[in-house]
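[1] Sequence plus the predicted model coming up.
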Number of protein chains: 2
Amino acid sequence: MESALSASLATLLERFRAGQRTALARAISVVEDERAGFEDLLHELLGAGPRARRVGLTGPPGAGKSSILASLATAYRAAGEDVGVVAVDPTSPFSGGALLGDRIRMNDLATDPGIFIRSMATRGSLGGLATTSREVVDLMDVFGLSRILVETVGVGQTELDITAVADTVVVVLVPESGDAIQTMKAGLMEIADIFVVNKADRPGADRLMTDIRMAVHLRTGEAPREGSGHHGVDLTAATRKRADVPARQQGQDGVTPGAPAWQIPVIKTIAQRGEGSDKLLAAVDAHRAHLEESGELQARRRRRAERRIHEVVERELKRRAWSHAGVQRLVEAGLDPVSRGDATPYSVARAIVAELLGRG
Amino acid sequence: MESALSASLATLLERFRAGQRTALARAISVVEDERAGFEDLLHELLGAGPRARRVGLTGPPGAGKSSILASLATAYRAAGEDVGVVAVDPTSPFSGGALLGDRIRMNDLATDPGIFIRSMATRGSLGGLATTSREVVDLMDVFGLSRILVETVGVGQTELDITAVADTVVVVLVPESGDAIQTMKAGLMEIADIFVVNKADRPGADRLMTDIRMAVHLRTGEAPREGSGHHGVDLTAATRKRADVPARQQGQDGVTPGAPAWQIPVIKTIAQRGEGSDKLLAAVDAHRAHLEESGELQARRRRRAERRIHEVVERELKRRAWSHAGVQRLVEAGLDPVSRGDATPYSVARAIVAELLGRG
């Protein structure tokens, strides 16, 4: 692809590459608004390839995802890392949602120049990540932020989206958020690399811990390992199923045969008191090491690449279709007949597709 | 479009046209599962054009939409009408959700042969209507059900979808569901043809009534009319903005100049005791009369036609793109380079679009 960046985008590209934070902010706006040339800008920038450690936090509203995210971000900042935060949960304090008595150092984080926080509007689906949200994560990655934390509200099927941006998915539950059966029905069991049971001092926490371990066990057919901080089973099969790409694809991804299987930890936390966050930090790093050693990191990046290609193609097909003069004429001519029942959307659509693709 | 229905779909078409309920159920399954030939079947059936009176109910979870829907359905059945119910709210009792002490005649409805209830899975977005959900409503319409009631949970931006199936949109709120500002932010103000404040015996109901009237007033710039059952203002401007189609389109829709403007009623109900449902029934019929007299019914059907054409085209473009052998080769060849950062989704996508559409 030949780049034909406008003068202003070329300047932006230069400033971005020079590491100017304001250039990152501006590039994000260009992408979010899909301004002219945004894909050319992304193409120029993404040549750097993914490097950041991306962690996604998902779970029902009220589970304490933001508090846990804040504790992770604080620890990474203390270690001198640059942190990006993308909050897609509309109820997240990071998105301007209610703080609900949260005593965590949210304000300290917001004024720390080493942390870049962006809250994203959802488009059309609550908590769902728009394609441009994923592209914003890419921008933070190539800008050089070493840790990127993405928070999405997990309801319905939208939480599957988190696998499209994160290397490691942390599912945060609380005793109030329902039993393990509901968790399985919501698809959270399939995407979790790490489970957190937050607000673990509340009634039902131990029961939820047991249930999750059992559910993971039922899913994978291996006995759960009991222990103090880590409990889990082989989820190789489950992680293979996590992306919505053909299974055939997933067999070719170079998972090293004989590599140690990932044991999904189930970690108790009381995020507002900071309890358990050391275990979570360790689990996130352990999972990263597993991803790299097993070849699964490359496999996940490959699946993400396939999904992203699909999204970009579909976006461009729509753009081309609805800016095509012949198509516009066919739509106009079809409206009255279809609204009266003299034609159907199917006959009009067939003519439009033929106009675009030819009759093939 | 030349129809090439399979033998089994041709038989189904015949049974459907003969008014067999089992044929409606089967046709719905064919469409929901997008089985081979489903668009040809829809094309054959939709020649009849829309006739049913379609009412959409939306609002936050727990607002009592299902109870209100049940009271409407019961009244229509008592008047001898055939009723279709489509519940897209996963928490709806009609979808098998929790009944939460609801004492309404839900069971009577479920066993009444004159009412056809279908609950729909959402695809990818909580409460959002998939294209096939809209096609199921069309099937109920052309089958001859005279009233169709669609229940969706209104959260985020998904409730806008209800305008894609319903002629009349009823927004159901309760004192607990937040103030009018939140209602406006959620986009509910723009799509409501009728507001219902349910659970009107609870604290805050009068305040909510006042707030909604004021918000409608602020939106439209006309003074609210005070009265016993109807309160509202001219929402011609708002209804013109309701669909996501270009404004240019909406000017051509034959809204009769000088036709009386619709006064959005704000109706108090206590659905579980049946209070206020007579007023709601009257308001729904009054809105229908307004739609027909003003030309707005035809305008809304025209906007729906445009949107549906877009959806069907996009579905077909995706199907064609991802079943195209040359495209599959380009995707395969791009995965490793993109996941390493040696290529980007944008360069690969550009090649794919060129393969499909040519370089235009």
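    Happy to help now that I have it.
[2] any idea of the mean pLDDT for the lengthiest helix in chain A?
    Secondary structure of chain A per DSSP state H: the longest helix is helix A:296-322. Per-residue pLDDT over helix A:296-322 has a mean of 92.
[3] and what of stretch A:337-352?
    The average pLDDT within stretch A:337-352 is 92.
[4] and it, how far apart are its ends?
    15 Å (C-alpha to C-alpha, to the nearest Å).
[5] The stretch 251-360 of chain A: strands as residue ranges?
    For the stretch 251-360 of chain A, the strands defined by DSSP state E, counting those that start in this stretch cover A:266-268.
[6] For chain B, give me its nearest residue in it.
    Relative to chain B, the nearest point of the stretch 251-360 of chain A is residue A:341 (1.9 Å; C-beta to the nearest C-beta). Placement of C-beta: from N, CA and C, glycine included.
[7] can you count the residues close to that residue?
    Other residues within reach of residue A:341 by the criterion other C-beta atoms under 10 Å in any protein chain shown amount to 17.
[8] do residue A:330 as well
    Count around residue A:330 with other C-beta under 10 Å applied: 20.
[9] do residue A:354 as well
    12.
[10] Repeat that for the one 4 residues further on.
    Residue A:358 sits with 10 neighbouring residues when counted by other C-beta under 10 Å.
[11] OK, contacts around it?
    With contacts defined as C-beta atoms under 8 Å, 6 or more residues apart in numbering or on different chains, residue A:358 has no neighbours.
[12] quick one: it and residue B:356, what's the gap?
    According to C-beta to C-beta, to the nearest Å, residue A:358 and residue B:356 sit 10 Å apart.
[13] Also residue A:34?
    Residue A:34 sits 21 Å away from residue B:356, going by C-beta to C-beta.
[14] Next, the residue most central in space within chain A: secondary structure please.
    Geometric centre of chain A, nearest residue: residue A:162, 2.7 Å, by C-alpha atoms, centre = their mean. Classification of residue A:162 using DSSP: H, G, I helix; E, B strand; the rest coil returns helix.
[15] Apart from its chain neighbours, what residue comes closest to it?
    Spatial nearest neighbour of residue A:162, chain neighbours left out: residue A:56 (3.9 Å); criterion: C-beta to C-beta, 6 or more residues apart in numbering or on different chains.
[16] Other residues contacting the helix or strand that neighbour falls within?
    Taking DSSP states H and E as the definition, one finds residue A:56 inside strand A:53-59. Residues from elsewhere that reach strand A:53-59 (C-beta under 8 Å, 6+ apart): A:65, A:68-69, A:72, A:137, A:141, A:146-154, A:159, A:162-163, A:165-174, A:177, A:188, A:191, A:196, A:284, A:288.
[17] Go ahead and build a ChimeraX selection from the buried members of these.
    In ChimeraX syntax, the buried subset of the contacts of strand A:53-59 is picked out as below (16 or more other C-beta atoms under 10 Å in any protein chain shown):
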select /A:65,68,69,72,137,141,147,148,149,150,151,152,153,154,159,162,163,165,166,167,168,169,170,171,172,173,174,177,188,191,196,284,288
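[18] Run through chain A and note the low-pLDDT ranges.
    By pLDDT under 70, the weakly predicted segments of chain A are A:1-3, A:89-108, A:121-129, A:154-160, A:178-186, A:219-260, A:359-360.
[19] thinking again about what came up before, ok, the residue nearest to the centre of chain A touching residue A:150?
    Yes. Here residue A:162 reaches residue A:150: they are 6.6 Å apart, a contact under C-beta atoms under 8 Å.
[20] which residues does residue A:119 bridge with?
    Under DSSP bridges, the beta-bridge partners of residue A:119 are residue A:87.
[21] Now stretch A:352-360: buried residues?
    Using 16+ other C-beta under 10 Å as the test for burial, stretch A:352-360 gives A:352, A:353, A:355, A:356, A:357.
[22] Could I get the contacting residues of the second one?
    Which is residue A:353. If you count contacts by C-beta under 8 Å, 6+ apart, residue A:353 has them with B:313, B:316, B:317, B:320.
[23] how close does it sit to residue A:294?
    For residue A:353 relative to residue A:294 (C-beta to C-beta), the value is 43 Å.
[24] Could you do the last one as well?
    Residue A:357 is 41 Å from residue A:294, where distance means C-beta to C-beta.
[25] Can you give me the distance of the closest residue to residue A:47 other than its chain neighbours to residue A:11?
    Closest residue to residue A:47 apart from its sequence neighbours, by C-beta to C-beta, 6+ apart: residue B:341 at 6.1 Å. Separation of residue B:341 from residue A:11 (C-beta to C-beta): 23 Å.
[26] And for residue A:78, the neighbour number?
    Residue A:78: 8 surrounding residues under other C-beta under 10 Å.
[27] Then residue A:316?
    A count of nearby residues for residue A:316, using other C-beta under 10 Å, gives 18.
[28] Just read off the phi/psi values of residue A:70.
    Phi and psi for residue A:70, reported as degrees, to the nearest 10, are phi -60, psi -40.
[29] just to revisit the earlier point, quick one: the buried residues of stretch A:352-360 as CSV, columns for distance to residue B:280 too.
    Formatted as CSV, these follow (distance: C-beta to C-beta, whole Å):
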residue, distance to residue B:280
A:352, 40
A:353, 43
A:355, 46
A:356, 45
A:357, 48
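[30] Out of those, which sit inside helices?
    Among the buried residues of stretch A:352-360, DSSP H puts A:352, A:353, A:355, A:356, A:357 in helices.
[31] from these, which single one is nearest residue A:45?
    Distance ranking of these against residue A:45, using C-beta to C-beta, places residue A:356 first at 30.4 Å.
[32] Pretty sure the closest one sits against residue B:316.
    No. Contact criterion C-beta under 8 Å: residue A:356 and residue B:316 do not qualify, at 9.5 Å.
[33] ok, so of the ones in helices among the buried residues of stretch A:352-360, who is nearest residue B:274?
    Nearest member of those to residue B:274, counting by C-beta to C-beta, is residue A:352, at 48.4 Å.
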